[in-house]
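In: Give me a model of this one.
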Amino acid sequence: MWIELLSLFKQEIFITLIIFILLFIKISTSDWSNGKILIVVNLMLFLNFILGFFMHAEGSQFNGMFRTDNLIVFEKNLLNLGTLMISLQSYDWLKDHRHVLEFYMLLLSTLLGLFFMVSASNLLMFYLGLELSAIPLAAIANFDLEKRRSSEGALKFIISSAFSSGLLLLGISFVYGMTGSLGFADIGGHINGSPLFLFAFILLLSGFAFKISVVPFHFWTADVYEGSPVAVTSYLSVISKGAIFFVMIQVLYTIFKPLAAEWYRMLYLLSVLTMLTGNLFAIRQDNLKRLLAFSSISQVGFILVGISGSSRAGTASVIYFILIYLFSNLGAFGVVSLISARTGKESISDYKGLYASNPFLSWVMTISLFSLAGIPPTAGFFGKFFLLMAGAGKGNFGLIAIAALNMVISLYYYLRVVKAIFMDSNNQPMDKLQVSAMPKMAMLLCVAGILFSGVAGWIYDYIYSLSKSF
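Out: Next up is the predicted model:
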């Protein structure tokens, strides 16, 4: 029994152990330097990532409220990988911070909530995991305590998060009132397509849309991304959104499968609005964090195209794209994080002539932006290709044409950054920055992932094979 429990909850147990170790370090020692703490934490996160590939089992607990299978284990390993890379990239920012241990305890509490959310097979378990992740995430969004815009961003995040959670909880209440159950497997059999059920579904979809910044529920995104520390912005754009998408696929493809025709039309409209709005607003930005915020909104639109395919290929393409998006977005944010920590510069105009003094950072940024834009042979091209192919399974080629047009639009603002780095001159060029070992390791891993995961076809095949349960 205990072996089975350990196998099913191993990733949650590892994260909980790390949190308790950090708490013990906090209350028992006071002479540890930030550098020593960061080395210990990153070693534990690396060990946690490696252990995620061993000793896992399939099954459920708590009367079916919590479940684990090979696909869920893979999704959690992606979240572990992203958290490790964000931690490595944040070395220069955290080594001079007063509250390093508190940052990691809050960050890993958020990750623990995301794990419970991804493994949920009950709407109540899903909601508890969501709240466990959202509350500490709001705290670390305000971790630059001396910056006013950080406090403003955190306040907007708390308000929007509370509002979206309220919508989700109201929708869950309606579902329970009409079906008498909160289990994913039980609800689908009671769906009758009544107006009240459609209203409950719209409430749930709106709650999801807030969390992943779908237009018109995106207004908090740019301000929160700009005000938060770059590490938190990276976490919000990749880890948090990725986990929500993992759950969203399961909810749409299992609970609300009888309403597939209705939610397909909703996703069609939302994906078009999200792609267009994200791209058009990104064109206007000069701050790189805001640009990447609107870029992430447009990427959400592409993911919705893949989900709309409502198929096994849709599941595989979304998870595959999130893997690629993890490398691409964290590569770009890694450069922004290092330069912001060393110089405080975050605008595109500050990056003019960057290649002359910092060629390594320039190439990492360029390859990452090329992947986000979907330019071959980077992995981003293959990720978007599979998303569009999954969406085309419905035979609606108008949506695919709109998505392809938006890929062209996005080239403008991505190449605008590349132009500033390589072609524009700067009267006050940025000094050469020494890249520490940990951030350099994370950036190299991002570049390797971008170049390798696109051409290694077995990665998509493996994810496709795990998607049988959907």
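In: where do the helices sit along the stretch 51-200 of the chain?
Out: For the stretch 51-200 of the chain, helices defined by DSSP state H, counting those that start in this stretch occupy the ranges 70-89, 91-94, 100-118, 123-141, 148-179, 184-187, 195-212.
In: how about the helices in the stretch 251-400 of the chain?
Out: With DSSP H, counting those that start in this stretch, the ranges of helices along the stretch 251-400 of the chain come out as 260-283, 288-307, 312-343, 354-357, 359-373, 379-392, 397-422.
In: will you turn those into a markdown table that also has distance to F452, mean neighbour count and mean pLDDT?
Out: For the C-beta atoms, the positions are set from N, CA and C on the backbone; glycine is no exception. As requested, the helices of the stretch 251-400 of the chain are exported to a markdown table (distance: least, C-beta to C-beta, whole Å; neighbours: other C-beta atoms under 10 Å; pLDDT from 0 to 100):
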| stretch | distance to F452 | mean neighbour count | mean pLDDT |
| --- | --- | --- | --- |
| helix 260-283 | 27 | 19 | 89 |
| helix 288-307 | 20 | 26 | 89 |
| helix 312-343 | 9 | 25 | 87 |
| helix 354-357 | 24 | 19 | 83 |
| helix 359-373 | 12 | 23 | 90 |
| helix 379-392 | 8 | 24 | 87 |
| helix 397-422 | 21 | 17 | 88 |
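In: can I get those helices in JSON lines with distance to F54?
Out: As requested, those are exported to JSON lines (distance: least, C-beta to C-beta, whole Å):
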{"stretch": "helix 260-283", "distance to F54": "37"}
{"stretch": "helix 288-307", "distance to F54": "30"}
{"stretch": "helix 312-343", "distance to F54": "20"}
{"stretch": "helix 354-357", "distance to F54": "42"}
{"stretch": "helix 359-373", "distance to F54": "30"}
{"stretch": "helix 379-392", "distance to F54": "26"}
{"stretch": "helix 397-422", "distance to F54": "39"}
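In: Would you mind listing where the stretch 51-200 of the chain has pLDDT under the threshold?
Out: Low-confidence segments of the stretch 51-200 of the chain (pLDDT under 70): 145.
In: Among the helices of the stretch 51-200 of the chain, single out whichever gets nearest to Y225.
Out: Ranking the helices of the stretch 51-200 of the chain by proximity to Y225 (C-beta to C-beta) places helix 148-179 first, at 7.6 Å.
In: Run a quick neighbour tally on the spatially closest residue to W32 that is not a sequence neighbour.
Out: Distances taken as C-beta to C-beta, 6 or more residues apart in numbering put I25 closest to W32, at 6.7 Å, once the chain neighbours are dropped. I25 has 17 neighbouring residues, counting by other C-beta atoms under 10 Å.
In: Please apply the same query to S90.
Out: Neighbours of S90 (other C-beta under 10 Å): 31.
In: Now do the contacts for it.
Out: Shown in contact with S90 (C-beta atoms under 8 Å, 6 or more residues apart in numbering): 229-231, 337.
In: ok so, going back, now the helices of the stretch 51-200 of the chain as a markdown table including distance to T16?
Out: Listed next are the helices of the stretch 51-200 of the chain as a markdown table, based on distance: least, C-beta to C-beta, whole Å:
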| stretch | distance to T16 |
| --- | --- |
| helix 70-89 | 14 |
| helix 91-94 | 22 |
| helix 100-118 | 7 |
| helix 123-141 | 12 |
| helix 148-179 | 23 |
| helix 184-187 | 25 |
| helix 195-212 | 24 |
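In: Figure out which of the helices of the stretch 251-400 of the chain is closest to L128.
Out: helix 312-343 (23.1 Å).
In: From the contact counts, what lies against the helix or strand hosting M248?
Out: Here M248, judged by DSSP states H and E, is contained in helix 241-250. Secondary-structure packing of helix 241-250 (3 or more C-beta pairs under 8 Å, 6 or more residues apart in numbering; DSSP states H and E): helix 70-89, helix 100-118, helix 195-212, helix 288-307, helix 312-343.
In: avg pLDDT for it?
Out: Here the mean pLDDT over helix 241-250 is 90, rounded to a whole number.
In: among the helices and strands packed on helix 241-250, which is nearest R149?
Out: With C-beta to C-beta, the closest approach to R149 among the helices and strands packed on helix 241-250 belongs to helix 288-307: 10.6 Å.
In: Mind listing residues that contact stretch 404-412?
Out: Under C-beta under 8 Å, 6+ apart, the answer for stretch 404-412 is 275-276, 279-280, 282-283, 295, 298, 301-302, 372-375, 384, 388.
In: Swap in 6 Å and give it another go.
Out: The contact list for stretch 404-412 (C-beta atoms under 6 Å, 6 or more residues apart in numbering) reads 275, 279, 283, 373-374.
In: ok, now stretch 131-149?
Out: Contact with stretch 131-149 is made by 106, 109-110, 113-114, 150-151, 153-154, 157-158, 161, 227-229, 232, as judged by C-beta under 6 Å, 6+ apart.
In: And the residues you listed, which two are furthest apart?
Out: L114 and S151 (24.5 Å).
In: circling back: what's the closest of the helices of the stretch 251-400 of the chain to L444?
Out: L444 lies closest, by C-beta to C-beta, to one member of the helices of the stretch 251-400 of the chain: helix 359-373, at 8.2 Å.
In: how about the CA coordinates for the closest one, as CSV?
Out: The C-alpha coordinates for helix 359-373 follow below in CSV (Å, rounded to 0.1, in the frame of the first residue of the first chain):
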residue,chain,number,x,y,z
PRO,A,359,27.4,37.9,-29.0
PHE,A,360,26.4,34.9,-26.9
LEU,A,361,23.3,36.6,-25.4
SER,A,362,22.5,38.0,-28.9
TRP,A,363,22.4,34.5,-30.5
VAL,A,364,20.3,33.0,-27.6
MET,A,365,17.8,35.8,-28.0
THR,A,366,17.7,35.5,-31.8
ILE,A,367,17.2,31.7,-31.9
SER,A,368,14.5,32.0,-29.2
LEU,A,369,12.6,34.7,-31.1
PHE,A,370,12.9,32.8,-34.4
SER,A,371,11.3,29.8,-32.6
LEU,A,372,8.5,31.9,-31.2
ALA,A,373,7.9,33.3,-34.6
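In: Check the contacts of stretch 404-412 against E58 and report the nearest one.
Out: Ranked by distance to E58 (C-beta to C-beta), the contacts of stretch 404-412 are led by G374 at 34.8 Å.
In: for the closest one, phi and psi?
Out: Dihedral pair for G374: phi 80, psi 30, per degrees, to the nearest 10.
In: Mind pulling the model confidence for it?
Out: pLDDT recorded at G374 is 87.
In: Return the residues in contact with it.
Out: The contact partners of G374, by C-beta under 6 Å, 6+ apart, come to 380-381, 384, 407.
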